[in-house]
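Novice: All I have is the shape, not the residue letters:
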């Protein structure tokens, strides 16, 4: 019989709060979760209503009939996909582990799950991974001109903020590859100056801002592309339960125990035009 989190006498390895050792670090380390609205659901799919065309208001004379006009509605259906991690430990570690040892194991699984979530979100992976931003149609793109292969100022990001505002949205985060974030960080506010062009957050050491908007980094973002993401129109859909189970069957002869973590996640962008990609020209 496979031993589960509900099996008796597994408390040494899987206390009730073990699932939090997975979910909390993933939430903290995943760039797309930090930049988006996290939605938990107990259903197998999540339905997001969309307004594809607003109802129209009209100026009317006193006593005149008000014209009726209905909005055009649609629905975005998102199915959380499975991301799983497996780690194998000795039975001695499993049965004698302290909370610190559990935290190390949980963080190890969480780091890779967070990486894989970001790779899917900022890429265009094949199934069974969920669809990501690089495959999303209808986004707004700020394409720098031919030959512009390096960041030289913040003008493209001002254009991105404006483009989102034209769609009734506010960019709440820019997400960049660490190499692009470094290129922006070393820009100066004028020739001969040592003052950085990027802003900083005095309340959060090391945090950077672009035109007052937080800058988040992730190696999963393609170098040369920086995403402007409005939190209200970027959803990370996660199944409520994070499954953490253990089994010694496959490793019976070596007295080892496998610990498995499973999370079901997908992404929804109900207003794609509000998401802005700022792209350098191809080198």
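Specialist: Arrived safely. Fair warning: this is a prediction, and the values are worked out from it, not measured in the lab. Residues are numbered from 1 along each chain as shown.

Novice: which stretches of the stretch 51-200 of the chain form helices?
Specialist: Assigned by DSSP state H, counting those that start in this stretch, the stretch 51-200 of the chain shows helices spanning 91-96, 99-121, 155-166, 178-185.

Novice: so what secondary structure elements neighbour the second one?
Specialist: Okay, so that is helix 99-121. helix 18-29, helix 31-35, strand 81-90, strand 256-268 (3 or more Cβ pairs under 8 Å, 6 or more residues apart in numbering; DSSP states H and E). All C-beta atoms are positioned from the backbone trio N, CA, C, and that covers glycine.

Novice: Could you do the third one as well?
Specialist: For helix 155-166, the packing partners by 3+ Cβ pairs under 8 Å, 6+ apart come out as strand 140-143, strand 225-229, strand 276-279.

Novice: what angle sits between the second one and helix 99-121?
Specialist: The reference is to strand 225-229. Counting by axes from the mean of the first three to the mean of the last three Cα atoms, to 10 degrees, strand 225-229 points 100 degrees away from the direction of helix 99-121.

Novice: Next, the angle strand 256-268 makes with the helix or strand following strand 225-229.
Specialist: Next helix or strand after strand 225-229 toward the C-terminus (DSSP states H and E): strand 235-239. Angle between the axes of strand 235-239 and strand 256-268 is 140 degrees (criterion: the same axes, to 10 degrees).

Novice: just checking, what packs against strand 235-239?
Specialist: strand 37-41, strand 46-53, strand 256-268.

Novice: Can you lay out the ones you listed as CSV showing mean pLDDT, mean neighbour count and distance to residue 209?
Specialist: What follows is the helices and strands packed on strand 235-239, written out as CSV (pLDDT from 0 to 100; neighbours: other Cβ atoms under 10 Å; distance: least, Cβ to Cβ, whole Å):
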stretch, mean pLDDT, mean neighbour count, distance to residue 209
strand 37-41, 94, 15, 20
strand 46-53, 84, 13, 29
strand 256-268, 87, 21, 24
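
Novice: For those, give me TSV that also has distance to residue 85.
Specialist: Formatted as TSV, these follow (distance: least, Cβ to Cβ, whole Å):
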stretch	distance to residue 85
strand 37-41	19
strand 46-53	23
strand 256-268	5
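
Novice: looking at those, which is closest to residue 146?
Specialist: strand 256-268 (31.6 Å; Cβ to Cβ).

Novice: The closest one - which strands sit beside it in the sheet, and in what orientation?
Specialist: Take DSSP bridges as the rule and strand 256-268 pairs in its sheet with strand 81-90 (antiparallel), strand 235-239 (antiparallel), strand 243-247 (antiparallel).

Novice: a markdown table please, covering the ones you listed and showing mean neighbour count and mean pLDDT.
Specialist: A markdown table is the format used below for those (neighbours: other Cβ atoms under 10 Å; pLDDT from 0 to 100):
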| stretch | mean neighbour count | mean pLDDT |
| --- | --- | --- |
| strand 81-90 | 15 | 86 |
| strand 235-239 | 22 | 94 |
| strand 243-247 | 18 | 74 |
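
Novice: Check the chain for me, the residue farthest from its geometric middle.
Specialist: Of all residues in the chain, residue 63 has its C-alpha farthest from the mean position, at 51.4 Å, by Cα atoms, centre = their mean.

Novice: for that residue, phi and psi?
Specialist: Dihedral pair for residue 63: phi 80, psi -10, per degrees, to the nearest 10.

Novice: can you tell me which residues contact the residue nearest to residue 209 when sequence neighbours are not counted?
Specialist: Spatially, and ignoring its direct neighbours in sequence, residue 209 is nearest to residue 199 (4.0 Å; Cβ to Cβ, 6 or more residues apart in numbering). The contact partners of residue 199, by Cβ atoms under 8 Å, 6 or more residues apart in numbering, come to 208, 209, 210, 211, 212.

Novice: Can you say which of the helices and strands packed on helix 155-166 is packed in most?
Specialist: Burial of these is given as mean neighbour count (mean count of other Cβ atoms under 10 Å); strand 225-229 ranks first at a mean of 26.
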